[in-house]
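S.K.: mind looking at a prediction? Sequence and model below.
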There are 2 protein chains.
Amino acid sequence: MILDGRKIRQEKFEELKKEIELLKNKPSIAVIQVGNNSTSNIYIRSKEKAAKELGCKFKHIKFEEDVLEEEILTTIDKLNNDKNIDGILIQMPIPNHLNTGVIQNRVISTKDIDGLTDINAGLLFHNKDSFIPCTPKGIMEMLKYYDIDVTGKHVVIVGRSTLVGKPLSTIMLNNNATVTICHSYTSNLKDITTKADILVVAVGKKNIIDASMIKSSAVVIDVGINREDSLLCGDVNFESVKVKCSYITPVPGGVGQMTVLSLYQNLFKAYKLNNKQ
Amino acid sequence: MILDGRKIRQEKFEELKKEIELLKNKPSIAVIQVGNNSTSNIYIRSKEKAAKELGCKFKHIKFEEDVLEEEILTTIDKLNNDKNIDGILIQMPIPNHLNTGVIQNRVISTKDIDGLTDINAGLLFHNKDSFIPCTPKGIMEMLKYYDIDVTGKHVVIVGRSTLVGKPLSTIMLNNNATVTICHSYTSNLKDITTKADILVVAVGKKNIIDASMIKSSAVVIDVGINREDSLLCGDVNFESVKVKCSYITPVPGGVGQMTVLSLYQNLFKAYKLNNKQ
């Protein structure tokens, strides 16, 4: 059975759109980009399109490649204090002369809709209310939509990025799953992935998981988005795995769809926070 | 082979003592206790004894059981701003009418020598310099002392407390171990523990791990401290496991010894931070 991110996104977008229609002031997102990375341009355009669809305001701030860090920080400070901005997002990657950690942590925690500040990570770690990074949040929403309970399940996550693997492991643990996290140093990957009730693959390498690496009837979540010629494919060999697993996410049309949804759910949460004050 | 916490503590205490002897102003710790819990009294006395041994100043602030939260918070604020205090520790447990999270997070991050604030957890999560909770820090120090490298090893942690299991899983991951974290919802515990190259048990139940649950030549770290009559014992059945494993920590004389060491290493780190400013 296919976990249909497109369908969930569409339904949840409709719900969110209706809620936003009722608001006098609309939620407003500011996206900071440095340089002119072509993939970033695509991602930002798709976020802008989603904002329009939902009736949110979208502000795109684009700096030159050689901008000084201080200038970005000053801009973030202004956005932090701007009552008309609810969420702030730093589009990655940023050039090497800039300190990613410093820039991301300059965003005030209540507008950190990507959930990438140290304080939001700590709140999540302590199982407190926080902004959760969009991809793991989307994965949890997807499992919930299909009534897949993670309690007591063995969840194996391949990949330990700050954006996906690490926060997802914390969320799964907070939701009472038994969690294993694997990565490039893991020696016996197949021995571990074949034990997974739920296998999440977030590596960024095509076809690293095939049917021999999963347990029969496992739930398989493919976070990879790899470009092959002009086609997108995931980290999982979909054709091989689909006949053995119980559920699987397609690429495209799976987790990627959920990530955009999460971003605007986080923006709506930030909007409510900012308008409560 | 026994992982001898007492020996490591002794050696490292000597080193630390020598460093502290050279200081004009001595590192100073403030311990806040609420009520008169007898176990807390024992722990505090043992911390005070260690402070004396090392030449650190020790301030014990004891509140009545029915103290108002506001009064504790005001005291923490004063300690935060007191240049003669380097580290602040809230002795657990505190009575139920008090909000543990609020009180712990009132401690300024640079004096949070227990590493329990949200911000220190987030820094650890993002693999940045932070104050690390004492028990996991002590476990890492112990493994380092015995040249046990965790890179690529499968580390299984039983127990997911904020004090031990959760932060240890993050540290192990940051050090390139493959990590599995198990807990009360884990259904197939034995299937998982028998895969561990390094097994850490931090549950607080006597004898939950015996030889049948470990892999031959595993490293076994027993964090449990259980009282049986007047004797202390760990979570691991020591007699059964010791003939099958490669290394094991005794209880007492194992991880517990390391925890006090970590506390004063953290205090020394805080001292240096506070005296740099």
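M.R.: Structure's in. What do you need? Numbers count the residues shown, from 1 in each chain, chains lettered A, B, ... in the order given.

S.K.: give the contact list for the closest residue to A:Pro252 other than its chain neighbours.
M.R.: Closest residue in space to A:Pro252, ignoring its immediate chain neighbours: A:Leu232 at 4.9 Å, by Cβ to Cβ, 6 or more residues apart in numbering or on different chains. Yep, even glycine has a C-beta here, placed from its N, CA and C like the rest. Residues counted as contacts of A:Leu232 (Cβ atoms under 8 Å, 6 or more residues apart in numbering or on different chains) are A:225-226, A:251-252.

S.K.: out of these, who's the most crowded?
M.R.: A:Val251 (22 neighbours; other Cβ atoms under 10 Å in any protein chain shown).

S.K.: wait, that residue sits on A:Arg227?
M.R.: No: between A:Val251 and A:Arg227 there is no contact under Cβ atoms under 8 Å: 10.8 Å.

S.K.: what's the helix or strand for the residue of the stretch 101-250 of chain A found nearest chain B?
M.R.: For the stretch 101-250 of chain A, the residue closest to chain B is A:Gly122, as judged by Cβ to the nearest Cβ, at 2.9 Å. According to DSSP states H and E, A:Gly122 maps onto helix A:118-125.

S.K.: just want the angle from that helix to helix B:118-125.
M.R.: Angle between the axes of helix A:118-125 and helix B:118-125 is 90 degrees (criterion: axes from the mean of the first three to the mean of the last three Cα atoms, to 10 degrees).

S.K.: give me the contact list for the helix or strand just after helix A:118-125.
M.R.: Beyond helix A:118-125 on the C-terminal side, the first helix or strand identified by DSSP H and E is helix A:134-145. Residues from elsewhere that reach helix A:134-145 (Cβ under 8 Å, 6+ apart): A:3, A:5, A:8, A:12, A:113-115, A:149-150, A:163-164, A:167-168, A:171, A:175, A:198, A:200, A:202, A:219, A:221, A:223, A:249, A:254-255, A:257-263, A:265-266.

S.K.: now the contacts of A:Leu232 as TSV including secondary structure, pLDDT and distance to A:Glu64?
M.R.: Shown next, in TSV, are those (DSSP: H, G, I helix; E, B strand; the rest coil; pLDDT from 0 to 100; distance: Cβ to Cβ, whole Å):
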residue	secondary structure	pLDDT	distance to A:Glu64
A:Ile225	coil	93	28
A:Asn226	strand	94	30
A:Val251	coil	97	34
A:Pro252	coil	95	32
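
S.K.: how about those, which pair is most distant?
M.R.: Spanning the widest gap among the contacts of A:Leu232 are A:Asn226 and A:Pro252, at 10.9 Å by Cβ to Cβ.

S.K.: A:Val107 touches A:Ile90, doesn't it?
M.R.: Yes: taking contacts as Cβ under 8 Å, A:Val107 lies within contact range of A:Ile90: 7.1 Å.

S.K.: between these two, who's got more neighbours?
M.R.: In this view A:Val107 and A:Ile90 are compared by other Cβ under 10 Å, and A:Val107 has more residues nearby, 25 against 22.

S.K.: give the contact list for the more buried one.
M.R.: A:76, A:79-80, A:88, A:90, A:116-117.

S.K.: where strands are concerned, which of these count?
M.R.: Secondary structure defined by DSSP state E assigns A:88, A:90 of those to strands.
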